[in-house]
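Peer 1: Any chance you can model this:
(2 chains)
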Number of protein chains: 2
Amino acid sequence: MRDIQELQILIQKAVEKINFPPYPAKLYEPISYILDLGGKRMRPALLLMTCDLFDGDIEKAMPPALAIEVFHNFTLMHDDIMDKAPLRRGKTTVHERWNANTAILSGDVMLIEGYKLIMQVEDHLLRTILNIFNDTAVGVCEGQQLDMEFEQRDDVNISEYIEMIRLKTAVVLGGALKIGALVGGADMKDANLLLEFGENLGLAFQLQDDILDVYGDPEKFGKQVGGDILSNKKTYLLIKALELADAKNKTELDNWLAASQYDATEKVKAVTSIYNAVNVRQHAETEMHKYADKAFAALDELALAPEKKEYLRSFADSLMVREN
Amino acid sequence: MRDIQELQILIQKAVEKINFPPYPAKLYEPISYILDLGGKRMRPALLLMTCDLFDGDIEKAMPPALAIEVFHNFTLMHDDIMDKAPLRRGKTTVHERWNANTAILSGDVMLIEGYKLIMQVEDHLLRTILNIFNDTAVGVCEGQQLDMEFEQRDDVNISEYIEMIRLKTAVVLGGALKIGALVGGADMKDANLLLEFGENLGLAFQLQDDILDVYGDPEKFGKQVGGDILSNKKTYLLIKALELADAKNKTELDNWLAASQYDATEKVKAVTSIYNAVNVRQHAETEMHKYADKAFAALDELALAPEKKEYLRSFADSLMVREN
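Peer 2: Below you'll find the predicted structure:
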């Protein structure tokens, strides 16, 4: 079993070696640019990992792994236009550095390049893996659409939120794990269990992210603590707090959401104390553990040697206790 | 042999029957909307036609034909954002009716839906046809990129222009004909000859469009005569006229290109008379015939019965003498 860091390094090296055509330069440069911004390469590395789990040849898993990474970066390029984001991983976004038209068109080509990479699997897996890739790709688009719609709505409920994050973030993880397993020689039952493992882990991970935004250790958490509160982001915590709050807390929360001028520290502190009053952290952690438990249940069913399951479990554990 | 009108009707009916998911409505409604705007459905109908030429089952050619139509409309949806076009086939464009974000994301899903449709070919053709589809899709994006770049450049030459229109418009026609032939049972040699036929016919057709914009019969030509002149569009005629003009004509042409205020009729008349002075129409027609001849040469080589070649030839002729 190779460890995940080793696989991340392999992916990084392979990403650096992808060659796009030199002409038209303005079409292909933004693709190299966004891929060069870095990132943890976690999705493609996990695809290699599930291939490796079944003693598959990870060389064969490299093109679909790169397909997942190129696809993921395509969604970032287009999402950044839609979100009017100025920065991505601390660097200027493509639509800001070039312009929106370039980001649209380079993104389109990236999606096609993703298909060219995913197609490099062996003939007997081609249709199956393309179907998984299609489902993943459609899911991410649907998730992005729901995310944008939810920004405009005041009545989003928990089950809608869970479905949105499942589509927007969890299906890619599940799809990557399933594809890697199939390339590695897994049967469809195990491949589907890994999809289930990945999707539920993805959900748990996203819920943990929502929790850490408010309750994380500022030293360890990569982003600004309270960032979601300041941007009124409809996270699990906010949606649940609005659901649980009594009249007084609800009014106070609504006022903070409506406020156009405020002291940032004061807003974070006030909203957090409403969250505390309604015990939202506990609810979120219960929900997070629910999905983590589902992930582990899928893992238990895998037809793999105990030490391999243990490896997967400890890897998942390491993701889930990033900081607390 | 079914005639092309019959095939166009078959496509139209099949397009009307495509069902997209109901949710999220705002993601899928724009797809149905743009597909419902109509159009001649020429590309997919020609895909059915080449399948039919080889006595193939046109039912089997329907999914890839719809893939080509969905893909084509995806490019229109994204191109309209980039071109800030208010209207498409006389109706409000998607980004105007909804917004740019919706047009970006619905377009992305359309591209994926195109892949889902093209994948419905039989296993033994899957990889080959996906490769053609990928090449076509990349070509169209590269063509759109060049088209946008050329708007900002004053030094575009004829060979660059021909390469741009080849990528932007001709490769889809060539790709459609090749895919239809393969589904119909053609061997790779005939399929490639049909690609060559389609690409060269597409080039000839685009050059004819450039000519008709200036010299077409206003009663028969679908668009405003002189529209390209008024928008300073870098067509074959303008690029060639700039190349051929003497100092006096060149200065006059440059002045018209730079003019911000002018009488439209006067501008069309003045630019046309410069075109006439340098004989640009004759050059354009020579170039157009060059590509039409290449198309017919490819056709001659096809291993098809003479009456089938004659059918293709008369169809191509009917396209090429739309009006003159």
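
Peer 1: What's the mean pLDDT across stretch A:84-92?
Peer 2: Across stretch A:84-92, pLDDT averages out at 95.

Peer 1: how about that stretch, does it get close to chain B?
Peer 2: No - for stretch A:84-92 and chain B, the contact criterion (CB under 8 Å from any CB of the partner chain) is not met; the two come no nearer than 9.5 Å. Heads up, the C-betas are built off the backbone N, CA and C, glycines and all.

Peer 1: Might you calculate how far that stretch sits from the centre of the chain?
Peer 2: 17 Å (CA atoms, centre = their mean, to the nearest Å).

Peer 1: measure that stretch end to end?
Peer 2: Using CA to CA, to the nearest Å, one end of stretch A:84-92 lies 11 Å from the other.

Peer 1: Just give me the residue closest to the centre of chain A.
Peer 2: Nearest to the geometric centre of chain A sits A:T169, at 3.7 Å (CA atoms, centre = their mean).

Peer 1: Pretty sure it sits in a strand.
Peer 2: No - using DSSP: H, G, I helix; E, B strand; the rest coil, the assignment for A:T169 is helix, not a strand.

Peer 1: for it, what are its contacts?
Peer 2: A:T169 sits next to A:143, A:202, A:205-206 when contact means CB atoms under 8 Å, 6 or more residues apart in numbering or on different chains.

Peer 1: So which of these sit within helices?
Peer 2: In this view, the contacts of A:T169 that belong to helices under DSSP state H are A:143, A:202, A:205-206.

Peer 1: With respect to chain B, which of those residues is nearest?
Peer 2: A:G143 (9.3 Å; CB to the nearest CB).

Peer 1: tell me which element A:A61 falls in.
Peer 2: Assigned by DSSP states H and E, A:A61 belongs to helix A:58-82.

Peer 1: which strands and helices sit next to the next helix or strand after that helix?
Peer 2: For helix A:58-82, the following helix or strand on the C-terminal side (DSSP H and E) is strand A:87-88. Using 3 or more CB pairs under 8 Å, 6 or more residues apart in numbering or on different chains; DSSP states H and E as the contact test, no helix or strand touches strand A:87-88.

Peer 1: who does strand A:87-88 pair up with?
Peer 2: Strands adjacent to strand A:87-88 in the sheet, as given by DSSP bridges, are strand A:91-92 (antiparallel).

Peer 1: can I see the domain layout of chain A?
Peer 2: For chain A, automatic domain parsing gives the domain ranges A:1-186, A:187-324.

Peer 1: Tell me the gap between the last one and the middle of its chain.
Peer 2: Think domain A:187-324. On CA atoms, centre = their mean, the centre of domain A:187-324 falls 13 Å from that of its chain.

Peer 1: Burial check on A:A305, number of neighbours?
Peer 2: A count of nearby residues for A:A305, using other CB atoms under 10 Å in any protein chain shown, gives 10.

Peer 1: Need phi/psi at it.
Peer 2: phi -60, psi 150 (degrees, to the nearest 10).

Peer 1: Pull up the gap between it and B:T128, please.
Peer 2: 40 Å (CB to CB, to the nearest Å).

Peer 1: returning to that earlier point: which one (most neighbours) among the contacts of A:T169?
Peer 2: A:G202 (25 neighbours).

Peer 1: I'd like the mean pLDDT over the strand or helix carrying A:T265, please.
Peer 2: Element membership for A:T265 (DSSP H and E) is helix A:264-277. Helix A:264-277 shows a mean pLDDT of 96.

Peer 1: Tell me, how many residues neighbour A:A14?
Peer 2: Neighbours of A:A14 using other CB under 10 Å come to 17.

Peer 1: Which residues of the stretch 101-250 of chain A lie near chain B?
Peer 2: A:101, A:104-105, A:107-109, A:111-113, A:115-116, A:119, A:123, A:126-127, A:130-131, A:134, A:137-138, A:141-142, A:144-146, A:148-149.

Peer 1: What subset of these is buried?
Peer 2: A:101, A:104-105, A:107-109, A:111-113, A:115-116, A:119, A:126, A:130, A:134, A:137-138, A:141-142, A:144-146, A:148-149 (16 or more other CB atoms under 10 Å in any protein chain shown).
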